[in-house]
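> Need coordinates for the following:
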Amino acid sequence: RSQQSSDEVSDGNGRLGAVAFAPTPGDARVLAYSNRTGVSRPVILDVLRATRTEPEAEGLEGEVYPLAWSPDGRQVLLVDLAHAVQRLLVWDLATTKLRSLNHPAGPYGDCHFARDGTIYAGWEDSTHPPQVIALDAVTAFT
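You can find the predicted model right below:
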């Protein structure tokens, strides 16, 4: 039997990796990722209701990981890693739909939603040193 790390549990034929608890008090959801389909995909587990929510897979090309909850718990920031390119997406939990953000190319590090909806992200590319940039959750560029 293979040994699992302390932040992962079984998901049938795949694995779950926990990322963060929901940001709102009394909310029993956990933001995680699962590879039960053969590639990593985000999932939200509601431990009280024993439900799981997954985004629509249409348009996803590579491994997709959750990065951060919005402060109100209604959206999740994701990164799609395909062909060595990172693409940031916002997952609307009410509709389960994904919206691709228009953002500068390059690798992204730590990303967070601010209370006003701005997304702050660590970013760099071959011509820019590491820096924190601000992205609007709707239009992406600020």
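> Quick check: which ranges of the protein have low pLDDT?
Along the chain, segments meeting pLDDT under 70 span 1-12, 139-142.
> Show me where it has its strands.
In the chain, the strands defined using DSSP state E lie at 8-11, 14-21, 29-34, 41-46, 51-53, 63-69, 75-82, 85-92, 97-100, 108-113, 118-125, 128-136, 140-141.
> Mean neighbour count added to those, as CSV?
Placement of C-beta: from N, CA and C, glycine included. Formatted as CSV, these follow (neighbours: other C-beta atoms under 10 Å):
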stretch, mean neighbour count
strand 8-11, 14
strand 14-21, 17
strand 29-34, 21
strand 41-46, 20
strand 51-53, 13
strand 63-69, 20
strand 75-82, 20
strand 85-92, 19
strand 97-100, 15
strand 108-113, 16
strand 118-125, 17
strand 128-136, 13
strand 140-141, 14
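> Does residue 118 touch residue 136 like I think?
Yes: under the criterion of C-beta atoms under 8 Å, residue 118 makes contact with residue 136 at 6.5 Å.
> got the contact list for residue 113?
Contacts for residue 113 (C-beta atoms under 8 Å, 6 or more residues apart in numbering) come out as 68-71, 75, 77, 119, 137.
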